[in-house]
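>>> Got a predicted structure here, sequence first:
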Amino acid sequence: MTPLPHALRLGTRRSLMATTQSQMVADAYMQRTGRAIELVGITTFGDVTKAHLAQLGGTGVFVSALRDKLIDDEVDFAVHSLKDLPTTQDPRFTLAAIPARHDHRDALVGPRKFADLVPGARVGTGSPRRVAMLSALRPDLEYVPIRGNADTRIGKVTSGELDAVVLASAGLTRIGRDAEVAQIFEVEELLPAPGQGALAVECRADRADLVEFLGVLDDPRTRSAVTAERAVLNALEAGCSAPVGAFAADDGHTLNLTAVVVSIDGREAVRKSAAGSPSEAANLGRLLATEMISAGADRLMGEQSH
Ligand SMILES: NCc1[nH]cc(CCC(=O)O)c1CC(=O)O
């Protein structure tokens, strides 16, 4: 009998959301290929620091520790939330699979729907994108910066410190907290972060065998959609903490993309849509960003830092 190859080592952050989504991916590979996969928990700087994420230079704090373990050959591959990945791809790594996306939308957690919150109600979110777009809808609410894992954030509603918090719907489903969702925002109200709800399976670019193996979970329609969304963010030279939303959908023939940049007070916005071929996803995103810049998007982004 041929001996079984060693189990593949999947590096994951240790939070409940990260381990749950990593286990989902591991199970999917085991089901498709029969290959054993072992989760390896890694503590990242973003998990231990108490500083506000925006002050850490935003992107990549959750990602770099996992990448270090790939380089040191302590793990074979890693699963990230795609929205946490910097838009400039590091050539040492390959996104071997982008599995089918889960819910891309944002959700309100708490006892009341957004329209039913009383004026002055305290809504927790650390995301300038969410603050800007929600301020446009309800300038009468107070938006409170928060961070920490989803459990900690939801705990602030349970304790009465906040009236509601806004989190990604996909993450809430993964950690089994759907029941506490009062409302899911449609993209017309609150455009999601580029890549939200999608996962990224990453390994070293020099592991060709592994790139091929991991590719079985790739969903081409999700890949084209998030490629367009991330191209917008990249061309705007914005990071994950910028008030930028983008959402694309690929129906197998056409890729429809919408993106927005909002001033942090929610009073001004540049919103544009475009359609094109899924094979031209990155170009579609770049072109849309160029149009947005012509329409004043860079001015809106510049103003938020003052
Ligand atoms: N920035 C943290 C982060 N990265 C991915 C998700 C949610 C899950 C996803 O988008 O796949 C979250 C939490 C949140 O925004 O509520």
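In hand now; what should we look at?

>>> residue ranges with poor pLDDT in this protein?
Along the chain, segments meeting pLDDT under 70 span 1-5, 44-59, 239-241, 303-306.

>>> Tell me which residue is most central in it.
Central residue of the chain (Cα atoms, centre = their mean): Lys83, 2.5 Å from the mean position.

>>> list the contacts for that one?
168, 193-198, 240 (Cβ atoms under 8 Å, 6 or more residues apart in numbering). Using the backbone N, CA and C atoms, a C-beta is placed for each residue, glycine as well.

>>> Check which residues of stretch 97-105 are buried.
97-99, 101-105 (16 or more other Cβ atoms under 10 Å).

>>> Stretch 245-265 too?
For stretch 245-265, by 16+ other Cβ under 10 Å, it's 245-250, 255-264.

>>> Among these, which one sits closest to Leu287?
Leu257 (9.5 Å; Cβ to Cβ).

>>> what's the nearest residue to that closest one once chain neighbours are set aside in contact with, if anything?
Nearest residue to Leu257 in three dimensions, chain neighbours excluded: Ala248, at 4.1 Å (Cβ to Cβ, 6 or more residues apart in numbering). Ala248 makes contacts with 224-226, 228-229, 255-258, 281, 284-285, as judged by Cβ under 8 Å, 6+ apart.

>>> name the element the closest residue to the residue nearest to the centre of the chain other than its chain neighbours belongs to?
Here the nearest residue to Lys83 in space, its sequence neighbours aside, is Gly195; by Cβ to Cβ, 6+ apart that works out to 4.0 Å. Here Gly195, judged by DSSP states H and E, is contained in no helix and no strand.

>>> and Gly195, what are its phi and psi?
Note on Gly195: its backbone torsions stand at phi 80, psi 0 [degrees, to the nearest 10].

>>> Touching, it and Pro86? I think so.
No - with contact defined as Cβ atoms under 8 Å, Gly195 does not reach Pro86; the gap is 10.9 Å.

>>> Do I have it right that Arg186 meets Arg105?
Arg isn't right for residue 186; it's Glu. Yes - under the criterion of Cβ under 8 Å, Glu186 makes contact with Arg105 at 7.0 Å.

>>> Any figure for the gap between Ser22 and the ligand?
12 Å (Cβ to the nearest ligand atom, to the nearest Å).

>>> partners of the helix or strand containing Leu257, with directions?
Using DSSP H and E, Leu257 falls within strand 255-262. Using DSSP bridges, strand 255-262 pairs in its sheet with strand 244-250 (antiparallel), strand 269-276 (antiparallel).

>>> thinking again about what came up before, if you tally nearby residues, what's the number for the residue nearest to Lys83?
Other residues near Gly195 come to 28 when the count uses other Cβ atoms under 10 Å.

>>> OK, contacts around it?
81-83, 85, 226, 229-230.

>>> Ala198 touches Ala97, doesn't it?
No - applying Cβ under 8 Å, one finds Ala198 not in contact with Ala97, separated by 10.6 Å.

>>> that older thread, among the contacts of Lys83, which one sits closest to Met292?
Closest to Met292, out of all of these and judged by Cβ to Cβ, is Pro194, at 13.1 Å.

>>> just checking, that closest one touches Leu233?
Yes - counting by Cβ under 8 Å, Leu233 is a contact partner of Pro194 at 4.7 Å.

>>> which of these two has more neighbours?
Using other Cβ under 10 Å as the criterion, Pro194 and Leu233 rank with Pro194 on top: 32 against 25.

>>> Torsion angles phi and psi at the more buried one?
Dihedral angles for Pro194 - degrees, to the nearest 10 - are phi -50, psi 130.

>>> Could you tell me which residues make contact with it?
83, 87, 226, 229-230, 232-233, 244-246.

>>> The ligand contacts on this protein?
Residues of the chain lying near the ligand by Cβ under 6 Å from any ligand atom: 81, 83-84, 167-168, 170-171, 196-197.

>>> how about those residues in TSV, adding secondary structure?
Converted to TSV, these look like this (DSSP: H, G, I helix; E, B strand; the rest coil):
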residue	secondary structure
Ser81	strand
Lys83	helix
Asp84	helix
Leu167	strand
Ala168	strand
Ala170	helix
Gly171	helix
Gln196	coil
Gly197	coil
